[in-house]
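Chemist: Mind folding the following:
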Amino acid sequence: MEIIHAVILGIIEGITEFLPISSTGHLIVGSELMGLPQTEENTAFQIIIQLSAILAVIANYKDKFHPKHFDLWVKILIAFLPLAIIGFIFKDQIKMLFSVQVVAIMFIIGGIVFLIIEYFQKNAVAKTLDVEAISYKQAAWVGIAQVFALIPGTSRAGSTIVGALLVGLSRKASAEFSFLLALPVMAATSGYELLKNYKDFSDSNLLTLAVGFVVSFIVAYFTMKLFLRFLEKFTFVGFGIYRIIFGAILLYLIYAGVISPSAHA
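Modeler: Numbering: from 1, shown residues only. Coordinates of the predicted model:
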């Protein structure tokens with residue numbers, strides 16, 4: 001992997017990690033289009049740079065790390081557990097799903113889900129306007145919804161936001177809970193890959209990893225701020241439409257032979 005590849009993947013990760021459009025799906029497609037060999041090292045790179053998302057959350061929500069917010073973090077832990085348990089039990093089966101074809105299909109399905117949710121909730125009044133006010137029951141249901149993110153292309157942010165909307169959180173509160181929930185998820189997945197693969201990185205590859213990490217952090221930091229401003233005026237309909245179009249383009253590229261349907265990340 002060259003520096004330019006690291007920069008591009010860092011930008012992709014930073015933009016897509018907190019938006020409901022699947023960072024994993026975009027990284028898979030981006031790597032495939034750039035012709036990057038799907039080695040263990042390159043796969044580890046894509047997962048490890050997600051650690052930058054943790055730093056972006058901490059930088060944007062440093063006030064939430066005060067002991068007075070202990071109750072909120074208990075709820076976040078509750079929401080994290082379903083994904084952790086199911087992901088650990090079925091980790092081998094989940095790895096088999098990592099292909100461009102699965103990503104394309106899940107992009108379209110996810111987009112349709114967003115359009116349906118927004119259609120039925122366009123006149124609904126949110127019960128929970130602030131992320132601090134989320135209940136333990138709501139957190140548990142959001143955690144169950146997040147399990148769907150184990151399917152590549154579904155989007156962790158997308159599944160948690162949909163789950164949060166369905167249990168009565170406002171769009172802003174849904175997005176913020178998704179941001180904070182990224183912390184244990186990213187720490188677990190990226191930390192595991194870092195410990196497992198750090199010996200595989202040579203000095204030159206450590207440079208590309210560092211570049212991708214820094215670029216991803218900067219882009220993610222500002223993406224989070226812009227996303228919340230976006231939600232003050234708009235709904236998730238645009239993301240639903242984008243997902244459907246992007247998924248359809250992927251299916252066309254697969255049909256045209258530009259991308260292999262079984263290409264793995």
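
Chemist: is it true that Gly143 touches Ile86?
Modeler: No - if you go by CB atoms under 8 Å, Gly143 and Ile86 don't touch, sitting 10.1 Å apart. Bear in mind the C-beta positions are built from the backbone N, C-alpha and C, glycine included.

Chemist: Could you list every helix and strand in contact with the lowest-mean-pLDDT helix or strand in the chain?
Modeler: Between all helices and strands in the chain, the lowest mean by mean pLDDT, DSSP states H and E belongs to helix 40-48, at a mean of 75. The elements that helix 40-48 packs onto, with contact taken as 3 or more CB pairs under 8 Å, 6 or more residues apart in numbering; DSSP states H and E, are helix 3-16, helix 23-33, helix 171-197, helix 203-231.

Chemist: one more time with 6 Å, if that's ok
Modeler: In terms of contacts (3 or more CB pairs under 6 Å, 6 or more residues apart in numbering; DSSP states H and E), helix 40-48 is packed against helix 171-197.

Chemist: Mind checking the pLDDT average for the helix it packs on?
Modeler: For helix 171-197, the mean per-residue pLDDT is 86.

Chemist: do stretch 142-154 as well
Modeler: Here stretch 142-154 scores 93 as its mean pLDDT.

Chemist: List of residues touching that stretch?
Modeler: Residues outside stretch 142-154 that contact it (CB atoms under 6 Å, 6 or more residues apart in numbering) are 22, 24-25, 79, 82-83, 86-87, 94, 97-98, 102-103, 106-107, 110, 156, 159-160, 163-164.

Chemist: Quick check on these: which are buried?
Modeler: The neighbour-count test (16 or more other CB atoms under 10 Å) applied to these identifies 22, 24-25, 79, 82-83, 86-87, 97-98, 102-103, 106-107, 110, 156, 159-160, 163-164 as buried.

Chemist: Mind checking which of those are in strands?
Modeler: Applying DSSP state E to those, no entry is found in strands.

Chemist: Inside helices: which ones of those residues?
Modeler: With helices taken from DSSP state H, the overlap with the buried ones among the contacts of stretch 142-154 comprises 24-25, 79, 82-83, 86-87, 102-103, 106-107, 110, 156, 159-160, 163-164.
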